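what follows is a protein structure lacking sequence information:
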């Protein structure tokens, strides 16, 4: 119990306490008498970590605070979202009021820890042979043929896209899964094209900053607190890597091609007709050991060597350039990329089977919240670097 005027624990100290009382993460059998299941403990940790603490008052995080509703005996109610969100306020009671009785404080703390952590996704094309060599000897460098690194945000909701329009069509709760979506997936990964049977499509999700990576306590990092059920214990605090890999997986060109030719994704959704240029559909891929799921928009790259760029447009812009000129200019750039992809495919493949360049645009990664929370707290293996 922290008394009036007593120093508030830093995030570094608080996280050491959280680790000490998080041994049940991912387990279905729990002891309700354990402090890990004590709602008051988690209420106070959330309050100090995300509301009253110095870091929160400085608004270094997003100003949203997430609250997970308690599970009923039947699980989450489909008619009521499993969580709700509030804008940050200096006092926790002002945030939720009478809804406090609905809150699962343990789950709420972990959801905020995830949501206020910084993540990046790396999508790369690698040689299958290089991957095998790296798996056999971790000291061997892994140099991607091409890669894209992008910041992504953890969300308890999922956005479903129409691939034809690339517009958001529906946002639905994903929790207890956490979704890392790429809204501009088509433009971000436009150049990620598999053109060789030795190519592999690799996806890596790293956490590297934010709430899950507090710095060691600053001497000036203190404030007064009214009361708390927490006891400060830093004996379990350990130094943690500045980057953690939460998901890493790859699929070969042939696996993507087989799904493309079969016309079916894992869930039985019809893919676009094979060899239909420019058409996209979703391909779902499970992570290693069945952990997590990756959603990818896959399409064959059109051979534009025989395609016309269209008629000239007589409409002009204020700068004097015809819109038709700009369209042809953009089409020319796309045509060069497509021709290069086809040339690369043709030069590396036998003539008995047509080599189709396949563009793979990562749409989202989904992982169970408990897997993410456990890794953020306890994972000690070195991160995957490309």
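Alright, I've got the coordinates. Predicted model only: the values in this text are computed from it and were never measured.

and residue 131, its phi and psi?
Backbone torsions for residue 131, taken as degrees, to the nearest 10, come to phi -60, psi -40.

please apply the same query to residue 105.
Torsion angles, degrees, to the nearest 10, at residue 105: phi -70, psi -30.

so what's the closest residue to it other than its chain neighbours up against?
Spatial nearest neighbour of residue 105, excluding adjacent residues (C-beta to C-beta, 6 or more residues apart in numbering): residue 42 at 3.6 Å. Placement of C-beta: from N, CA and C, glycine included. Residue 42 is in contact with 105-106, 108-109, counting by C-beta atoms under 8 Å, 6 or more residues apart in numbering.

ramachandran angles for residue 209?
phi -170, psi 170.

the residue nearest to residue 105 falls within a helix, correct?
Yes. Counting by DSSP: H, G, I helix; E, B strand; the rest coil, one finds residue 42 located in a helix.

please report how far it lies from residue 113.
For residue 42, the distance to residue 113 equals 11 Å [C-beta to C-beta, to the nearest Å].

am I right that residue 178 is in a strand?
Yes. Checked against three-state DSSP, residue 178 lies within a strand.

so residue 47 is in contact with residue 92, correct?
Yes. The pair residue 47 and residue 92 passes the contact test of C-beta atoms under 8 Å, sitting 4.7 Å apart.

list the contacts of the closest residue to residue 69 other than its chain neighbours.
Distances taken as C-beta to C-beta, 6+ apart put residue 102 closest to residue 69, at 5.2 Å, once the chain neighbours are dropped. The contact partners of residue 102, by C-beta under 8 Å, 6+ apart, come to 67, 69-70.

tell me the pLDDT at residue 102?
Turning to residue 102, the model gives it a pLDDT of 91.

likewise for residue 329?
With respect to pLDDT, residue 329 has a value of 36.

where does this protein have its least confident helix or strand?
Scoring the helices and strands of the chain by mean pLDDT, DSSP states H and E places helix 323-347 at the bottom, with a mean of 42.

skipping adjacent residues, who's closest to residue 149 in space?
Distances taken as C-beta to C-beta, 6+ apart place residue 122 nearest to residue 149, at 5.0 Å, with adjacent residues excluded.

same check on residue 181?
residue 364 (4.4 Å).

my guess is that neighbour is in a strand, correct?
Yes. Counting by three-state DSSP, residue 364 is located in a strand.

so what sits opposite it in the bridge?
On the basis of DSSP bridges, residue 364 is bridged to residue 181, residue 295.

and for it, the neighbour number?
For residue 364, the tally of surrounding residues (other C-beta atoms under 10 Å) stands at 23.

kindly report the same for residue 149.
Neighbours of residue 149 (other C-beta under 10 Å): 12.

residue 381 now?
9.

tell me the spacing between residue 185 and residue 7.
46 Å.

ah, wrong one, I meant residue 106
From residue 106 over to residue 7 (counting by C-beta to C-beta), the distance is 25 Å.

ok, those two, which is more surrounded?
Neighbours were counted for residue 106 and for residue 7 using other C-beta under 10 Å; residue 106 has more, 24 against 14.

what sits closest to the more buried one if chain neighbours are left out?
residue 42 (4.4 Å).

repeat that for residue 185.
Ranked by C-beta to C-beta, 6+ apart and with sequence neighbours excluded, the top spatial neighbour of residue 185 is residue 361, at 4.5 Å.
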